[in-house]
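Engineer: the following comprises the amino acid sequence and a computationally predicted model.
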There are 2 protein chains.
Amino acid sequence: MKNYITHHEWCIVETGFHPEHNEITESLMSLGNGRMGGRGNFEEKYSGKTLQGNYVAGVWFPDKTRVGWWKNGYPNYFAKVINACNWTGIDIEIDGEILDLNTTKVLEFSRTLDMQTGVLDRNCLVELSNNKILKIHSQRFLSLVDDESGVINYSITPINFFGTAKITISLDGDVSNKDSNHGEKFWNEISKETAHSEGYLTLETKKSAWETVPTFQVCTGMKFDVFQNEQLLDFQTLPIKKEKYVANEFKLNLEEGQEVSIIKFAANLSSENYSIDKLEESTKAYIQKISKKGFEIMLQEQKAAWAKKWEGNDIQIEGDVAAQQAIRFNIFQLQQTYTGEDARLNIGPKGFTGEKYGGVTYWDTEAYCLPFYLSTSEQKVARNLLVYRHNHLQKAIENAEKLGFSGGAALYPMVTMNGEECHNEWEITFEEIHRNGAIAYAIFDYIRYTGDAKYLEEYGLEVLTGISRFWSQRVNWSADKNKYVMLGVTGPNEYENNVNNNWYTNYLAKWCLTYTIECLESLKNENHHKFQEIISKTQLDYTNEINKWQHIIENMYFPFDEERQVILQQDGFLDKELLTVQDIAAHRPINQKWSWDRILRSCFIKQADVLQGMYFFEEDFTIDELRRNFDFYEPMTVHESSLSPCVHVIHAARLGKKDKAYEMYVRTARLDLDDYNNDTEDGLHITSMAGTWLSVVQGFGGMRVKNGKLSFEPFLPEQWQGFSFRTGFRGNSLKVSINQNLIEIENLSANSISVQVFGNEVTVPAFNTQTIAF
Amino acid sequence: MKNYITHHEWCIVETGFHPEHNEITESLMSLGNGRMGGRGNFEEKYSGKTLQGNYVAGVWFPDKTRVGWWKNGYPNYFAKVINACNWTGIDIEIDGEILDLNTTKVLEFSRTLDMQTGVLDRNCLVELSNNKILKIHSQRFLSLVDDESGVINYSITPINFFGTAKITISLDGDVSNKDSNHGEKFWNEISKETAHSEGYLTLETKKSAWETVPTFQVCTGMKFDVFQNEQLLDFQTLPIKKEKYVANEFKLNLEEGQEVSIIKFAANLSSENYSIDKLEESTKAYIQKISKKGFEIMLQEQKAAWAKKWEGNDIQIEGDVAAQQAIRFNIFQLQQTYTGEDARLNIGPKGFTGEKYGGVTYWDTEAYCLPFYLSTSEQKVARNLLVYRHNHLQKAIENAEKLGFSGGAALYPMVTMNGEECHNEWEITFEEIHRNGAIAYAIFDYIRYTGDAKYLEEYGLEVLTGISRFWSQRVNWSADKNKYVMLGVTGPNEYENNVNNNWYTNYLAKWCLTYTIECLESLKNENHHKFQEIISKTQLDYTNEINKWQHIIENMYFPFDEERQVILQQDGFLDKELLTVQDIAAHRPINQKWSWDRILRSCFIKQADVLQGMYFFEEDFTIDELRRNFDFYEPMTVHESSLSPCVHVIHAARLGKKDKAYEMYVRTARLDLDDYNNDTEDGLHITSMAGTWLSVVQGFGGMRVKNGKLSFEPFLPEQWQGFSFRTGFRGNSLKVSINQNLIEIENLSANSISVQVFGNEVTVPAFNTQTIAF
């Protein structure tokens, strides 16, 4: 655990330079606008510890899958979002001496990410040779408004000397990924061009062995203005061209006390959004557009755009600055990662902050992120997350076919970029099939929240049908149990592999079949024409298939311990030695201290599994059932997935286990800010940040949707004086504040809103507030 | 299935050239002498399909392990026996035209491996440009007597022309492995030298990242004589040196009808057997020694050495040439692969015939090969196979420690070269732990066969203790079952992964604990001093450890189906859809037609699992129990491991299922000769050849050891007129012949021998024969 980030309500602040933590700080200071993003690298050369990373959403490479022994059905490639052209470069040489904070004496330093505006700011005083003192100030942001662009305002001021500066402003596409198999690079150069204070570089991803995967082109452009003492300079620039690199170099005389500032405009346009033959032309036009607009106007627009986002999603915590900073950091990073503008995009586990997990889509999106966007963003944002999976339906059907399923059964991949499976462990890709259930659940969750039942006829039912068909083929009849069983499964708890009858997966499957039938029946009654359309599109043999599903629903097997009256995570769970986390305190984290063999055979749980199911289907269980299962499983849970604690916060809150709820919350909230797991340098845990938000809103706030209305059963952690959160709901907007024993519901909309508080109906008139004691 | 190899009792004959099958033929024509080996490649250049391969026993490289996501306890590297210097090269150019059977017109061709002598012979008539007809004859063998050498007698005869020949005689170390990750080469050059008609090349395996693995040096030397018209020629040679390559080139005038023959002597000396600083010197001396001896004497010695081997292990089958050829081929290849001269060596699944499986040691050695060598070779051969594992005991203890075991528990690796684990799938390395049991069983099997109980005190008990300690830690107490269980196991049937309570493994573990206690107790009573020595060496806490073992023995859980009265392969087996192989005829082989997901969830069995256990512990079960289990499991068995059918032959024979026994036998016997599985081109299935031998001797011959005596319960397959086999037993030698209803026991030793035939004691006086009707 690190503790060098200054606590501040709105900013992430590094006070004083911590080169030993630079890669962590780079992760924390990452910028993104949904369309592009990158780590908080310095603009100028830095020879110290750094992971240089810039990413363009939707642009990736199908890298070779590495496995020991190939088996049928294994995926062909491992998709990864690749490190793209570094557009931030501004290299400085003063009197022949290269500015490099790794070798120069740093006198003063602060780096600040202002989450209110999305601007990264750095102030720095360095001492060059011969006691020359230089001040550096840089501001950088990725525009939310012009979301293919980034701008930098970079200035240097010689404090106590006159001299000459050589400044090189570059686009550098000669980059590689840290985790490349053998340091391979993934880009080829297509073209490059320089003009006075401008540069353009078009790169293409390398052709791979996989014909189904297209190559991508990205044109990166830049233009810059240079001011000295606030005067725009007009001067000669020397163009430099190298392999996958363009730059402009120029020299200036520095005057003591006079600031030289460079405004650098840059844009990344990709062939996903522009025709290839006009890519460079479009980039030039884009660059002209933003440079004309200018830094100040772009900055004002940026501030306004972020203010609007915060208006809908801010959480305030009173009496705990560290917690306040943390929750805003999580919200901010989620909003930087995914804006919902483009249904082809999704949320990688590290967003734009690192390479790990390849930047691809996992079930994290549906299970954790969707509720966040449902509550904090316009409806279309969550809807686009659903449409993303609908667009991949055909690929999911093909994926199931590769494994031997047929008749339109769909198995969504565990890890994907374009709908194809690209993970490389059989125990995950073939077996961690509960992801299919989460994708179905997300449809239910979206409709429950938004009331947008039309989504079903338009997209949802096709997906549900494909998934239900998969479940109906994936189970088999056990003559021994006289029940349907599901063999060879890995549940959410990945510390078990290839088990039989994982309760969570069986339950999700049964639920999915039930929900699909309900939705089909309801459509059949309400809109027979549309119903017929779906039947025809999916070629559903209605009577036979539904009958089979119904038979499965009625005869599904669920492992259960009669003695303890608890659900069993899977068949044979009670054969394990049932220890608790306290018994192995010295052995944690077990994923670092134990062999995989020992982990698999132990009872220890990586992340909520039975309890994940009880979270999804809360209303199916009594509070006693929940308590028994929580008390049985929580003590065995090591939370070695960042997605685990939030579910426990929510259950613990419901069970009145306040200390446990807060303890679990603390594990998630500052995970990255304090680098709990020693891995923030690889990037941030973006998808688990949604879990932190869930902890506050669903856990402490007790927010649910019940019968089409929001419901609240809050409690205030002892450590806080109060907290409030904003949420949207079906076109309206609310602010919910909890202080001691009071809950205040502020209706910010022009409609009256009706909610439930601890089961009691409360109506809040438009632009009005109701306070309820509890 | 191919059918181009001519049936012949003693020879493997390719009549007419089959370039399309050349890689298969190269595998079939492989030569070895236990110390070195290589594929049946042509001596001269060949631009067609070929897998060029030469191997030096005990010389290997720790290649990078390729896995998706590294987890604790995974092995660091994947050991592979690497392709070594090609010492066979004799390139021919006639009047500027390169002799290459891929481009030259082949008029006549035959390639013959004489199994009686271990000599590979090739006769060939080719037509060069301008109708020049050239005869080629080559003979090659690897000497059993001088087992670091090979010799070639290569001759060309111009049938209808005069001309010039340029001949290049080479050692080529610039070779790579077919399966290298990225075509990497594994050798560095240390030195090279040429002299008149001599050449020496010293190579070293590359340094790897794994410090525990040494590098190896191999010096390959050659010397040759050239004869024209049977006269030794004296002429100038031009030395050629290239990277990892030396050669001598010379030119000759060819006279019509006059044979030019080259005798090439070669040797491979490795740093495993010679000090590095004298490696080249030793090689020169070795080359001098064999070249002085000369081709003819070496050939005579070779014939005598093979005749001696055949004397002890030949099997004769009357009335079926194909079967006769096949069984001899299997015996021959086993004898080429392992001679038992060196306890550091073992039996790779492909021997010296290809690269697949890395040439490393699997449990095949103990479970299948050991009985072959016990019966057909001097006692020390089998003993050295046991000593090999004893030598690796410390590494096996370290391997177990890596996985979290302690106190001297030993887990032998699934795949190894030097005692370290080097496979790369967790479901195998961590879970296919039954190999540990096979290693214990081999000790029992060896002692049962040889009566050499002294082996226990010298080596065996230490190994048994380490393995027993492993089992005692690997099981855990199930409070639910009130029994010891073994979780997370892969049995011999690798079409199940990570199951609980694999019956075979549980049974083997219990047996191993029982046998270890028996052996310790017996030693304690018979030789207390020696007993104390072992206690002290193993630091065995005798009372406590033995008590724990005893408790496990008494409380081990075994899955069983009360209804069918059959053993269950593992927990939950009855949850599967119980189909038979007949139900899926169109889907076979399932490992090519089904996804791994489908295979794992199916009931289909790759190789004997429960039935493997009933084979090892035949005496523990009644014939009815065997029949019930055979009838239950055999119909689900797809035999997609070459190690599977033999066990079924033996059981079927015992159950009187003659047709089934013969059907299964046919699957193993000509597996490679007829290329049943389309994979002979990768190399031969060496270890499974021992299974074929078991099928005949233990299956049809019904040979067992009972109460320290050989026992026979033979039957004659209808397809044969008779068969006989040779076997050694405790210093004596027998020939057993079965004809219709007669069994003839010929005692070839100077001692009277007592055996059992169908339970009746039969005494055969020295050098005498007894015939018993049945």
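Structural biologist: Good, I have the coordinates.
Engineer: distance check, the closest residue to A:Tyr338 other than its chain neighbours against A:Gly37.
Structural biologist: Excluding its sequence neighbours, the residue lying closest to A:Tyr338 (C-beta to C-beta, 6 or more residues apart in numbering or on different chains) is A:Ile347, at 4.7 Å. Using the backbone N, CA and C atoms, a C-beta is placed for each residue, glycine as well. Distance of A:Ile347 to A:Gly37, computed by C-beta to C-beta, to the nearest Å: 12 Å.
Engineer: need the residues touching each of these two.
Structural biologist: Listed as contacting both A:Ile347 and A:Gly37 by C-beta atoms under 8 Å, 6 or more residues apart in numbering or on different chains are A:Thr337.
Engineer: the helix or strand that A:Pro371 is a member of: what's the following helix or strand?
Structural biologist: Element membership of A:Pro371, judged by DSSP states H and E, is helix A:370-376. As assigned by DSSP H and E, the chain's next helix or strand after helix A:370-376 is helix A:379-391.
Engineer: report all helices and strands that that next one contacts.
Structural biologist: Judged by 3 or more C-beta pairs under 8 Å, 6 or more residues apart in numbering or on different chains; DSSP states H and E, helix A:379-391 is in contact with helix A:370-376, helix A:434-450, helix A:461-474.
Engineer: redo the ones you listed as CSV? Include distance to B:Lys735.
Structural biologist: Supplementary listing: those in CSV, determined by distance: least, C-beta to C-beta, whole Å:
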stretch, distance to B:Lys735
helix A:370-376, 78
helix A:434-450, 64
helix A:461-474, 58
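Engineer: which among those helices is found nearest to B:Gly150?
Structural biologist: Closest approach to B:Gly150 among those is made by helix A:461-474 (56.4 Å; C-beta to C-beta).
Engineer: which helix or strand lies directly C-terminal to the helix ranked longest in chain A?
Structural biologist: Taking DSSP state H as the criterion, chain A has its longest helix at helix A:503-526. Sequence-wise, the next helix or strand downstream of helix A:503-526 (DSSP H and E) is helix A:528-538.
Engineer: any buried residues in the longest helix of chain A, and which?
Structural biologist: A:503-513, A:515-517, A:519-520, A:523 (16 or more other C-beta atoms under 10 Å in any protein chain shown).
Engineer: next: stretch A:360-378.
Structural biologist: If you call a residue buried by 16+ other C-beta under 10 Å, then stretch A:360-378 has these buried ones: A:360-377.
Engineer: repeat for stretch A:668-679
Structural biologist: Buried residues in stretch A:668-679 (16+ other C-beta under 10 Å): A:Thr668, A:Ala669, A:Arg670, A:Leu671, A:Asp672, A:Leu673, A:Asp674, A:Asp675, A:Tyr676, A:Asn677, A:Asp679.
Engineer: tell me how far it lies from the chain's centre.
Structural biologist: Centroid displacement of stretch A:668-679 relative to its chain, using C-alpha atoms, centre = their mean, to the nearest Å, is 15 Å.
Engineer: now the end-to-end length of that stretch.
Structural biologist: Counting by C-alpha to C-alpha, to the nearest Å, you get 14 Å between the two ends of stretch A:668-679.
Engineer: contacts for that stretch next, please.
Structural biologist: A:1-3, A:5, A:12, A:21, A:24, A:27-28, A:322-323, A:325-327, A:329-330, A:589, A:642, A:645-646, A:649, A:667, A:680-681, A:684-685, A:688, A:691-692, A:695.
Engineer: now with 6 Å?
Structural biologist: Residues outside stretch A:668-679 that contact it (C-beta atoms under 6 Å, 6 or more residues apart in numbering or on different chains) are A:1-2, A:5, A:24, A:326, A:642, A:645-646, A:680, A:684-685, A:691-692.
Engineer: just the ones in strands from these, please.
Structural biologist: Judged by DSSP state E, strands contain the following of the contacts of stretch A:668-679: A:Ile5.
Engineer: now, which of the contacts of stretch A:668-679 sits nearest A:Thr220?
Structural biologist: Of all the contacts of stretch A:668-679, the one with the least separation from A:Thr220 (C-beta to C-beta) is A:Leu684, at 23.9 Å.
Engineer: wait, that closest one touches A:Met29, no?
Structural biologist: No. Applying C-beta atoms under 6 Å, one finds A:Leu684 not in contact with A:Met29, separated by 10.3 Å.
Engineer: look at these two and report which has more neighbours.
Structural biologist: A:Leu684 (28 against 22; other C-beta atoms under 10 Å in any protein chain shown).
Engineer: does the longest helix of chain A come close to chain B?
Structural biologist: No. Helix A:503-526 is not in contact with chain B by C-beta under 6 Å from any C-beta of the partner chain; minimum separation 12.3 Å.
Engineer: got the confidence number for A:Lys185?
Structural biologist: Per-residue confidence at A:Lys185 stands at 88 (pLDDT).
Engineer: next, count neighbours for it.
Structural biologist: For A:Lys185, the tally of surrounding residues (other C-beta under 10 Å) stands at 16.
Engineer: list the residues that contact it.
Structural biologist: A:Ser176.
Engineer: where does the stretch 1-150 of chain A dip in pLDDT?
Structural biologist: The stretch 1-150 of chain A contains residues with pLDDT under 70 at A:65-69.
Engineer: what residues does chain A have near chain B?
Structural biologist: Within chain A, the positions lying close to chain B (C-beta under 6 Å from any C-beta) are A:66, A:68, A:71-73, A:403-404, A:424-426, A:430, A:476, A:478, A:480, A:485, A:487-488, A:497-498, A:500, A:571-572, A:574-575, A:577, A:595-598, A:600-601.
Engineer: any of the contacts of stretch A:668-679 buried? List them.
Structural biologist: A:Ile5, A:Ile24, A:Ala326, A:Ser642, A:Pro645, A:Cys646, A:Thr680, A:Leu684, A:His685, A:Gly691, A:Thr692.
Engineer: run a quick neighbour tally on A:Ser733.
Structural biologist: 17.
Engineer: my read: it touches A:Leu748, true?
Structural biologist: Yes. With contact defined as C-beta under 6 Å, A:Ser733 reaches A:Leu748; the gap is 4.3 Å.
Engineer: next one: the residue in the stretch 551-700 of chain A that chain B sits nearest to from B:Asn399, what distance?
Structural biologist: The nearest approach of the stretch 551-700 of chain A to chain B comes at A:Ser595, 3.1 Å away (C-beta to the nearest C-beta). As defined by C-beta to C-beta, A:Ser595 lies at a distance of 10 Å from B:Asn399.
Engineer: pLDDT below threshold where in chain A?
Structural biologist: A:65-69, A:180-182.
Engineer: neighbours of the nearest residue to A:Asp114 once chain neighbours are set aside, just the number please.
Structural biologist: Closest residue in space to A:Asp114, ignoring its immediate chain neighbours: A:Cys11 at 5.2 Å, by C-beta to C-beta, 6+ apart. For A:Cys11, the count of nearby residues is 19 (other C-beta under 10 Å).
Engineer: try the one 3 residues further on
Structural biologist: By the criterion of other C-beta under 10 Å, A:Glu14 has 22 neighbours.
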